[in-house]
Structures are given as C-alpha cells and as structure tokens.
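**Q** A predicted structure for the sequence below; I have some questions about it.
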Amino acid sequence: KRNNDSYLFLQNLIEECEKTEKIQKQRQLIRLKEFINFLIEIKDLLYSSYQGIFDVKFLNKKSIETAKKQNSLLPIKECIYGFEALLRVNSNKANEILKDNQVIQTKYLSPDILFFLAKQVDLDLDLDKSGLKNGLKHHKILPGKIFLNILPRNYYNLKKIKFITPNKKNIIFEISETEIIKNYKQFLDTQSKLTPELKIIAIDDFGIGYSGFDRVLKTSPKYIKIDRTLINSIDKDKIKQKFVEGIVKACKIKKVKTIAEGVESYLEFLTVKKLKIDFVQGFLLHKPETGSEIKLKLK
C-alpha cells in the first residue's frame, strides 16, 4: 500500500510538472510573438544594409586594392552591377525593449535566427514583407539592380504586397533557400502574371538548403547565387573548383548568370574569374553598409 501511494504521488507530481512546463512554453511563445510584432511594427527597429555585387570582367587587381586602401567604392564604381538588401536589427533600440525579456536576447537577432524564431509563431511571412519594404527604401538612390530576399510563399502572393508596384524597375527577387517550394504550378502561375520587370528571379545560396538544380530547372531563374561554402578557399580546393565549374557550365547552357557569394581574398576572386563566373559579392570588395553610407561613398 505504501508503494502504491508513492507511485500515485510521483505520477501526480509528473503530471503537474508537465502542465507547468506547457504553460511556461505557451507564455514564452506569447512573449516571443509580441517581440517579433514589435520589430515589425515599431519604426526604425528593422532596417536594411546593402552589399555590392560586381561585374567580374571589369574588375582588376589595381582597382580592388585602391578601393580597399581608400575604403571607398569610387575606384570600382563602374563595376557595380547592383546591391543585395540585407535585413538588420537596430540593436540599441532592441536592447531597450529586451532589457527584462528572458525569452529572447539581442545576441539571437541575426537574420537567420530571427526568421527561425518568427516561424515558431507564424510571423515569418510578416517579417519577410518587412525585409522587402526596408530593402526598397533606397531603391532609387543606389545604382544598378536591387536584389531582395523573399520567401516562396510571399512570392506566390506578390501582387497582394501593395508597396511592390509595377513601376519598380531593376528589382531581382532572391528566392530564399530556407523554404521548400511546395507548389511549382502556383509559383509559375504567379510569375506569368507579373510585369516583365518583376518576373526576373535569382536562386539564393545555391548548394545549401532547398536550393538545388531541381529548383533551377523548374523555375528558370536569370541568376543563381553560389553559396559561400562552395567559394570559401576555392583557390586551394580542386574538388570545389570542379564542382563550381560544372555549375557554371550548366548555367551557361540554361543562359543563367552566376554570382559567387562570400569572396574574401584576391586568390578566391582570381579562381572564380578563371571559372567564368559572371559576378562576385563579398568582403574583398564591399562590406554591407546602409543606403546613406553608400550614397556618400559614391559621391
């Protein structure tokens, strides 16, 4: 009888602990949802920085070295093809809001983690729309094309996103690798109804996540961005060189332009140039800056 009483006591204790844990998780999700909504709704909490994308054929060692030495874009201004918009969090303002928040801390506010957290509370599409809106703020003052990251589900309903209007030009939508395209028919149907300017897409971070040849073949993008994991130390890695060479050759057949991400050394640049990649992006040439900072550097 004593053993049976102990068993019932432990069973009740476990059940109470499980209930308490469930309630705590629900409260955490509510607070997380409130915070993500804060980020989206409060002005200037989210903003975009921009990283340059450069045409390989116009770049040379002298202009790259001069640009680095002067910390300027002027020596390579003629090589600018466009800029990728990158969503950022104003950490000073976020710190004020998060002062007493144990659910989320500012060290977790990198874009990848932020989108992961937003997905837990069904706000990833709203956060994605905010990224699009912020990315377009400097659309008119930056030269060349603007590359905007977008989740496939938002691309399905692009016509419903009011701030993206048909008169916007030089916009390239980068289809995010973090989400599977579940309905290619709907994707292509949406694309067919857009204006010619908005039809052009890029496949982001090719080589990781859901970005593979299947996606390229089914969506017929104009650009693919080869992920930095394939570009990092490519000058020292013969296998990477052969793999990327195969990607470039396949893209040439499909008339798809290639962009190497994460180019950080001159030897990496020389290697991707030798492999006939069309454009490069990375810290060797330009670190992300706000639209205002870039505007000043171009004067």
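**A** That came in fine, so what should we check first? Numbering: from 1, shown residues only.

**Q** what lies in contact with the strand or helix carrying K185?
**A** Per DSSP states H and E, K185 falls inside helix 184-192. Here helix 184-192 makes contact (C-beta atoms under 8 Å, 6 or more residues apart in numbering) with P152, Y155, Y156, N157, L158, K159, I181, K199, I201, K218, T219. Glycine gets a C-beta too; all of them are placed from N, C-alpha and C.

**Q** in the stretch of helix or strand K69 belongs to, which residues are buried?
**A** According to DSSP H and E, K69 maps onto helix 61-70. For helix 61-70, the neighbour count (16 or more other C-beta atoms under 10 Å) marks S63, I64, A67, K68 as buried.

**Q** in a markdown table, list those along with pLDDT and distance to I277.
**A** Below are the buried residues of helix 61-70 laid out as a markdown table (pLDDT from 0 to 100; distance: C-beta to C-beta, whole Å):
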| residue | pLDDT | distance to I277 |
| --- | --- | --- |
| S63 | 94 | 18 |
| I64 | 94 | 16 |
| A67 | 92 | 19 |
| K68 | 91 | 20 |
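
**Q** the top helix by length along the chain: which residues count as buried?
**A** When the chain is parsed with DSSP state H, its longest helix is helix 2-41. Neighbour-count burial for helix 2-41 flags L32, K33, F35, I36, L39, I40 (criterion: 16+ other C-beta under 10 Å).

**Q** surely the second one touches V121?
**A** Same thing as K33. Yes: look at K33 against V121 with C-beta atoms under 8 Å: they come within range, at 4.0 Å.

**Q** tell me how far stretch 155-165 lies from the chain's centre.
**A** 18 Å (C-alpha atoms, centre = their mean, to the nearest Å).

**Q** got the contact list for it?
**A** 129, 132-133, 136, 150, 154, 171, 173, 175, 183, 186-187, 190-191, 193-194, 198, 201.

**Q** now those: which count as buried?
**A** With burial judged by 16+ other C-beta under 10 Å, the buried subset of those is 129, 132-133, 136, 150, 154, 171, 173, 175, 187, 190-191, 194, 198, 201.

**Q** thinking again about what came up before, what pLDDT, on average, does the longest helix of the chain get?
**A** Throughout helix 2-41, pLDDT has a mean value of 81.

**Q** tell me which other helices or strands it touches.
**A** On a contact count with 3 or more C-beta pairs under 8 Å, 6 or more residues apart in numbering; DSSP states H and E, helix 2-41 meets helix 91-97, helix 111-120, helix 124-135.

**Q** which one of these lies closest to K238?
**A** helix 111-120 (30.1 Å; C-beta to C-beta).

**Q** picking up where we left off before, now do the longest helix of the chain against helix 111-120, angle only.
**A** Taking axes from the mean of the first three to the mean of the last three C-alpha atoms, to 10 degrees, one finds helix 2-41 and helix 111-120 inclined to each other by 120 degrees.

**Q** please, which helix or strand holds T258?
**A** Applying DSSP H and E, one finds T258 within strand 257-260.

**Q** note down every partner strand of that strand and its orientation.
**A** strand 223-226 (parallel), strand 279-280 (parallel) (DSSP bridges).
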